[in-house]
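*Asks:* With the sequence up front, the predicted model follows.
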Amino acid sequence: MKIKIELFGASRDLSNKDFLELNLKNKSSIKDLRETMIHYVDQKFKGNENYKKIIETSAFCSEDNNIVSDSYQITKDQKIGIIPPIGGG
Amino acid sequence: MLHAKIIDLSKEKIKPENAEEFIASSKFGASIVFYGTVRENNENQKVTGITYDSHDQLVIKSFKEIYNEADQKLNIKEKSVFIEHVKGYVGLGEISIIIAVACPHRSEAYDLSRFIIEEIKKRSPIWKKEHYKNKESEWLKGNPIQPN
């Protein structure tokens, strides 16, 4: 299934668009998405360690605006937001 | 009473007068308006400006939660709170956030104002990309968010 990941903060460096589209197996979880994104960095950015660290330390947000755990099941066509470590004000 | 908004600087400006107007009431004897502004130095780097990014819906949700938690944690029931945070490019000395609070008494107003900014720093999904005079711009390191 194709998943749209909305990019925020430092994760915006992963694409020149506001989002990434990645293919995941059906019944994938946030943990699987995280692994797929790291694989994407390996392929697209020669394993850039800074980008991998961003993915490893980020939270993820469901379409209904809840921060979800690694076990959260992603359904087809869902939009997921990646939430890197924050610091506004 | 709460006003919470993200100001997209590509569409509108942040206006301090809106904050003052919102919290003005004869019910309250103490008002504090806090401005966060962009300063010229950070960790010995000469800063020229900051670009703010935000997850707007989550930020507004966090502002509402912080407002409601002030009831339980600080026991401040009677209050008026105005919070606006910008997104987009902010130059030196310009405003990134306004937190205006009004309460019946000054001790509550000071506590509430401080509580709100500290909680926003900890849990509102806002990011800063700092721009420098002599080097490439950089996203600042922040605090990871955990699921509830």
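*Replies:* Alright, I've got the coordinates.
*Asks:* Spell out, range by range, the strands that occur in chain B.
*Replies:* Along chain B, the segments classed as strands by DSSP state E run B:2-8, B:30-37, B:41-42, B:45-54, B:80-91, B:95-103, B:126-132, B:138-139.
*Asks:* wait, which of these is closest to chain A?
*Replies:* strand B:126-132 (2.5 Å; CB to the nearest CB). Using the backbone N, CA and C atoms, a C-beta is placed for each residue, glycine as well.
*Asks:* Strand B:95-103 and that closest one, what's the angle between them?
*Replies:* What separates the directions of strand B:126-132 and strand B:95-103 is an angle of 140 degrees, with axes from the mean of the first three to the mean of the last three CA atoms, to 10 degrees.
*Asks:* any residue of strand B:126-132 up close to chain A?
*Replies:* Yes. Using CB under 8 Å from any CB of the partner chain, strand B:126-132 comes into contact with chain A via B:I126, B:W127, B:K128, B:K129.
*Asks:* Check what pLDDT the last one gets.
*Replies:* Looking at B:K129, its pLDDT stands at 96.
*Asks:* So it sits against B:G49, correct?
*Replies:* No. B:K129 is not in contact with B:G49 according to CB atoms under 8 Å; the separation is 9.4 Å.
*Asks:* which one is the residue nearest the centre of chain B nearest to, not counting chain neighbours?
*Replies:* For chain B, the residue lying nearest the average C-alpha position, counting by CA atoms, centre = their mean, turns out to be B:I97 (3.9 Å). Setting aside the residues directly before and after it, B:I97 is nearest to B:G36 in space (CB to CB, 6 or more residues apart in numbering or on different chains), at 4.0 Å.
*Asks:* same thing with B:H55?
*Replies:* Once its chain neighbours are removed from consideration, B:H55 has its nearest residue in B:P125; the separation is 4.1 Å (CB to CB, 6+ apart).
*Asks:* What backbone torsions are found at that neighbour?
*Replies:* phi -70, psi 80 (degrees, to the nearest 10).
*Asks:* Now for it, how many residues are close by?
*Replies:* Applying the criterion other CB atoms under 10 Å in any protein chain shown, we find 27 residues in the vicinity of B:P125.
*Asks:* Contacts only, for it.
*Replies:* Contacts here follow CB atoms under 8 Å, 6 or more residues apart in numbering or on different chains; on that basis B:P125 touches A:F8, A:G9, A:C61, A:I83, A:I86, A:G88, B:S54, B:H55, B:L58, B:V59, B:S62, B:I145.
*Asks:* Generate a PyMOL selection restricted to the buried entries among these.
*Replies:* For anyone working in PyMOL, the buried entries among the contacts of B:P125, judged by 16 or more other CB atoms under 10 Å in any protein chain shown, can be selected with:
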select buried, (chain A and resi 8+9+61+83+86+88) or (chain B and resi 54+55+58+59+62+145)
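*Asks:* A:S29 contacts A:Q73, doesn't it?
*Replies:* Yes. Under the contact definition of CB under 8 Å, A:S29 touches A:Q73, with a separation of 5.7 Å.
*Asks:* quick one, which of those two is more surrounded?
*Replies:* A:S29 (16 against 11).
*Asks:* shaky segments in chain A?
*Replies:* Of all residues in chain A, those with pLDDT under 70 make up the ranges A:88-89.
*Asks:* wait, I meant chain B
*Replies:* Low-confidence regions of chain B, defined here as pLDDT under 70, cover residues B:148.
*Asks:* Most distant residue from the centre of it?
*Replies:* When each C-alpha in chain B is compared with the mean C-alpha position (CA atoms, centre = their mean), B:N134 comes out farthest, at 28.4 Å.
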